[in-house]
Structure formats: C-alpha cells, structure tokens
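> model this:
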Amino acid sequence: MVAELGLGDVVVLKKQHPCGGREWRVVRLGADIGLQCTTCHRRILLARSELEKRVRSVRPAEPRPVGNTK
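All right, here's what the predicted structure looks like:
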C-alpha cells in the first residue's frame with residue numbers, strides 16, 4: 001500500500017515513461033491521483049489502486065519557506 005501522498009510529492013514508478021522519465025509529481029488527490037511527469041510535464045490520471053501497483057518509491061515535497069523572505 002502507498003504511504004500517504006501529498007501535493008507536490010514525487011513518485012517514482014516501476015516502468016519508464018516514453019520520454020525517459022520515471023519521476024512524477026503529485027498534482028491532484030482524490031479517488032484518482034493526478035501526476036505530472038517531471039521530464040516532459042505530461043499529465044495523467046491514475047486510479048489510486050492502479051498507482052499502488054506501479055509505485056516504487058515516494059519522496060515528500062520540498063518544504064516551502066513561510067512568511068516574508070526578504
């Protein structure tokens with residue numbers, strides 16, 4: 001089972017995308033998970049159950065700075 005996913009997390013899938021990339025950024029959460037290829041920026045929707053079969057690893061999103069960054 002896939003660990004808790006959050007927006008911006010990077011998911012590494014078992015099979016390579018035709019562009020050569022394996023890493024996908026999570027852009028939508030729900031019954032279907034929206035993913036965007038980090039190489040070619042193609043977007044896909046996968047059912048949560050299908051994603052659980054295909055995922056190899058999950059990297060949490062980079063934390064963004066809070067507040068004023070001057």
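
> where exactly do the strands run in this structure?
10-13, 23-28, 32-37, 43-47, 55-59 (DSSP state E).

> JSON lines for these, including mean neighbour count?
The way it works is simple: take the backbone N, C-alpha and C, and place the C-beta from them, glycine included. Putting the strands of the chain into JSON lines (neighbours: other CB atoms under 10 Å) gives the following:
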{"stretch": "strand 10-13", "mean neighbour count": "18"}
{"stretch": "strand 23-28", "mean neighbour count": "18"}
{"stretch": "strand 32-37", "mean neighbour count": "18"}
{"stretch": "strand 43-47", "mean neighbour count": "14"}
{"stretch": "strand 55-59", "mean neighbour count": "14"}
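
> among these, which is nearest Glu4?
Nearest to Glu4, of all the strands of the chain, is strand 55-59, at 8.8 Å by CB to CB.

> roughly how far apart are Arg59 and Ala31?
23 Å (CB to CB, to the nearest Å).

> since we're on Arg54, how many residues are nearby?
14 (other CB atoms under 10 Å).

> residue contacts, it?
Arg54 sits next to Leu13, Lys14, Lys15, Leu46 when contact means CB atoms under 8 Å, 6 or more residues apart in numbering.

> ok so, going back, pipe the strands of the chain into a markdown table and attach distance to Pro65 and mean pLDDT per row.
Putting the strands of the chain into a markdown table (distance: least, CB to CB, whole Å; pLDDT from 0 to 100) gives the following:
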| stretch | distance to Pro65 | mean pLDDT |
| --- | --- | --- |
| strand 10-13 | 19 | 94 |
| strand 23-28 | 19 | 95 |
| strand 32-37 | 23 | 95 |
| strand 43-47 | 27 | 94 |
| strand 55-59 | 19 | 91 |
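
> Mind putting those strands into a markdown table with distance to Glu4?
Putting the strands of the chain into a markdown table (distance: least, CB to CB, whole Å) gives the following:
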| stretch | distance to Glu4 |
| --- | --- |
| strand 10-13 | 12 |
| strand 23-28 | 11 |
| strand 32-37 | 12 |
| strand 43-47 | 16 |
| strand 55-59 | 9 |
